[in-house]
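Q: One predicted model, sequence on top.
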Amino acid sequence: MNLTVTNILKRMLPLKGFCYHSACWVRDAGVEGPAVIEIGLAARQGASPCCGNCGRASPGYDRPEKMRRWQFLSLWTIQVYFLYARGGSNAALRVRMERMPWASGKLQVCDALRIFLAQWARLLSWQEVAVRFQVKWNDVYGAVKWWCATVCVIAT
């Protein structure tokens, strides 16, 4: 088995109904700075999207021109992003949002990164966490708020 970023992710973060189909280096045109890794995600063959509110299967629609991007955990200080283009809709609830196992809510930060940031925010100042892990201060704040609202409530 080849040791690639997508193979590592398949083992460490399996996503039900989705697959990792590509990983590539990307450097923004005209922007000086390090390149990032973009991981392309695709729905598995025959998997229908789930409604973001109720979780039931819903008809999907493809919008390849509307690629969404979520920041994932960095690898060796190289920023990693997930890319995904499909959506789902639920006419009864008037929802046009698909449930994705790697992210919740409207933030463009993966849940794994939110957990990571919230853990570090217990040890360092939020500003220092933001600088060290190349995220915005608001992402650290949102991670701590999400952690306290979901994980701490579940634990009690």
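A: Received, thanks.

Q: C-alpha only now, for contacts and for neighbours.
A: OK.

Q: if we look at the helix or strand hosting A42, which residues are touching it?
A: Assigned by DSSP states H and E, A42 belongs to strand 36-43. Contacting residues not belonging to strand 36-43 are listed as 6, 17-27, 78-86 [Cα atoms under 8 Å, 6 or more residues apart in numbering].

Q: By mean pLDDT, which helix or strand of this structure comes out lowest?
A: Least confident helix or strand, the chain: strand 60-62 with a mean of 53, by mean pLDDT, DSSP states H and E.

Q: and the helix or strand following that one, how far out from the chain's middle?
A: Where DSSP H and E defines the elements, the next helix or strand beyond strand 60-62 is strand 68-75. Mean C-alpha position of strand 68-75 versus that of the full chain (Cα atoms, centre = their mean, to the nearest Å) differs by 6 Å.

Q: So which elements touch strand 68-75?
A: Counting contacts by 3 or more Cα pairs under 8 Å, 6 or more residues apart in numbering; DSSP states H and E, strand 68-75 packs against strand 78-84, helix 111-121.

Q: angle of the longest one against strand 68-75?
A: So the one you mean is helix 111-121. For helix 111-121 against strand 68-75, the angle by axes from the mean of the first three to the mean of the last three Cα atoms, to 10 degrees is 50 degrees.

Q: next one: the first one
A: Orientation note: strand 78-84 sits at an angle of 150 degrees relative to strand 68-75 (the same axes, to 10 degrees).

Q: can you pull the buried residues of strand 78-84?
A: Across strand 78-84, burial judged by 16 or more other Cα atoms under 10 Å covers 79-84.

Q: tell me the mean pLDDT over the strand holding A42?
A: For strand 36-43, mean pLDDT rounds to 87.

Q: So the residue sitting nearest the centre point of the chain versus N2, what's the distance?
A: The centroid of the chain falls nearest to C110 when counting by Cα atoms, centre = their mean (3.0 Å). To N2, C110 is 26 Å away according to Cα to Cα, to the nearest Å.

Q: Repeat that for A103.
A: Look at A103 and N2: by Cα to Cα, they are 27 Å apart.

Q: Neighbour count: the two, which is higher?
A: Per other Cα atoms under 10 Å, whichever of A103 and N2 has more neighbours is A103, with 18 against 7.

Q: what's the more buried one in contact with, if anything?
A: A103 makes contact with 70, 109-111, according to Cα under 8 Å, 6+ apart.

Q: pLDDT score assigned to it?
A: If you check A103, the pLDDT there is 82.

Q: Sounds good, over and out.
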